[in-house]
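1. Provide a 3D model corresponding to the input given below.
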Amino acid sequence: MFIRNAVVLLFLLSAQFGFSQTKELKNFPKGYEPETVGKKLAERFVVGKHALHMGKWIGYPEVFNWMGALKFAALTKDDVLIKKLQDRFEPLFTTEKQLLPIMNHVDVNMFGSLPFELYKITKDKRYLELALPYADTQWSVPESASPQEKAWADKGYSWQTRLWIDDMYMITIVQTQAYRQTGDRKYIDRAAKQMVLYLDSLQKPNGLFYHAPDVPFYWGRGNGWMAAGMTELLHDLPKNSQYRPRILKGYRTMMQSLKNYQAKSGMWNQLIDEPTFWPETSGTAMFAFAMITGVKQGWLNEKEYGPVARKAWLAMVPYVNESGNVSEVCVGTNKKNDKQYYYDRPRHTGDYHGQAPYLWCTVALLEK
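-> Sure thing, here's the model as predicted:
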């Protein structure tokens, strides 16, 4: 009787704290193990070139690839890999200092999330001192701000608000990272308030998001940014947050829709609801990351979503070649009210837009 009660208690505690015992997200075939794939991707990044935003500053695809590699290295206790990733960053304090992004836009302020991760791993305060201004200036209104930007700030939102769905990864990741490394609740609270604004303004009844209000297409990676942003936020958002129920509802509604649109292959297409479009890897990886984390954290029913996440991972891995480059990655894409435009977008191999979310998946699969 005592043993049976102890087992029941352990099960209840696991459910309460979101510890999943799903078998779907482990025991992969040879070559599909997250350790194997993650190592290949991370080592590929170490020798890769900088991907500069506007040809001037370290761009967001590189930042998120770098972060994914760091998280993988830390989780697998690969000190040699961590050192390589640190060494890649060191010139940004000296000879490559000009590559540090300015702090005037969501696509550049996100850079702070990277030194926050390095601080977490190394406890070197140089990283923290570099990172904090990127989080703080997202809410500190500059004198040059436009009336519209000031109006957003007056409502408690970031002055960088523009209601593009990818913002809710770019803003969320740096604010959540700031909360993780400082414990200051203001960072995650304002990110959560911002997320609710975007959900209320942009999410469609089916849980998905148009690329833009005037572009009625469900572009894969655009939706992937939102899925990943909600995932990062929910992972650390305190249970007593007034915003958590709304964000969790938005997340679950999106995951339900994505489950329904997953192709038989396990992938998601360049336009999510277009079965004749081609399977695209970066969006698929972002959706898989969101589902893997959701199952493990207990936000999603593991019997319903565990097989979906596993199917996606098994479909994704063959797109990684022997050099550690992911193929079928849609290039950077601006909005356009033309369905054919999305079908015709170039597909690159080794594009950091795809490399990064694959690494996120390896970390999510390895985390307990």
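
2. just the strands in the protein please.
-> 52-53, 57-58, 329-330, 347-348 (DSSP state E).

3. okay, the ones you listed in a markdown table with distance to residue 210 next?
-> Placement of C-beta: from N, CA and C, glycine included. Formatted as a markdown table, the strands of the chain follow (distance: least, CB to CB, whole Å):
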| stretch | distance to residue 210 |
| --- | --- |
| strand 52-53 | 24 |
| strand 57-58 | 29 |
| strand 329-330 | 16 |
| strand 347-348 | 22 |
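
4. now tabulate these in CSV and tack on mean pLDDT.
-> Output for these, formatted as CSV (pLDDT from 0 to 100):
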stretch, mean pLDDT
strand 52-53, 96
strand 57-58, 98
strand 329-330, 98
strand 347-348, 98
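
5. ok, which of those comes nearest residue 283?
-> strand 329-330 (7.6 Å; CB to CB).

6. mind listing what the closest one pairs with, with the direction of each?
-> strand 347-348 (antiparallel) (DSSP bridges).

7. quick one: contacts of the strand it pairs with?
-> 278, 280, 327-331, 354 (CB atoms under 8 Å, 6 or more residues apart in numbering).

8. buried only: go through those residues for me.
-> Among those, those classed as buried by 16 or more other CB atoms under 10 Å are 280, 328-330, 354.

9. if we can go back for a sec, among the contacts of strand 347-348, which one sits closest to residue 35?
-> Using CB to CB, the contacts of strand 347-348 come closest to residue 35 at residue 354, 19.7 Å.

10. can you tell me which residues contact the closest one?
-> Per CB under 8 Å, 6+ apart, neighbours of residue 354: 281-282, 285, 326, 328-329, 348.

11. and if you look at residue 173?
-> Applying CB under 8 Å, 6+ apart, the residues near residue 173 are 64, 110, 113, 229, 232.

12. with adjacent residues omitted, what lies nearest to residue 219?
-> residue 211 (4.4 Å; CB to CB, 6 or more residues apart in numbering).

13. my read: that neighbour touches residue 224, true?
-> No: shown here, residue 211 and residue 224 do not form a contact pair, counting by CB atoms under 8 Å, at 11.7 Å.

14. give me the more crowded residue out of the two.
-> Neighbours of residue 211 and residue 224, each counted by other CB atoms under 10 Å, are more numerous for residue 224; the result is 28 against 24.

15. list the buried residues for stretch 116-126?
-> Those would be 116-120, for stretch 116-126 by 16+ other CB under 10 Å.

16. what's the spacing between residue 148 and residue 105?
-> Separation of residue 148 from residue 105 (CB to CB, to the nearest Å): 14 Å.

17. which of these two has more neighbours?
-> Taking other CB under 10 Å, residue 148 and residue 105 do not tie; residue 105 has more neighbours (15 against 11).

18. ok, now which ones touch the residue nearest to residue 216 when sequence neighbours are not counted?
-> Excluding the flanking residues, the one nearest residue 216 by CB to CB, 6+ apart is residue 210, at 5.2 Å. By CB under 8 Å, 6+ apart, the contact list for residue 210 reads 202, 204, 216-218.

19. again, but for residue 167
-> Here residue 167 is in contact with 106, 160-161, 198 (CB under 8 Å, 6+ apart).

20. and these, which is closest to residue 322?
-> Out of those, the member with the shortest distance to residue 322 (by CB to CB) is residue 106, at 35.6 Å.

21. contact partners for that closest one?
-> By CB under 8 Å, 6+ apart, the neighbours of residue 106 are 138, 158, 160, 162, 164, 166-167, 170-171.
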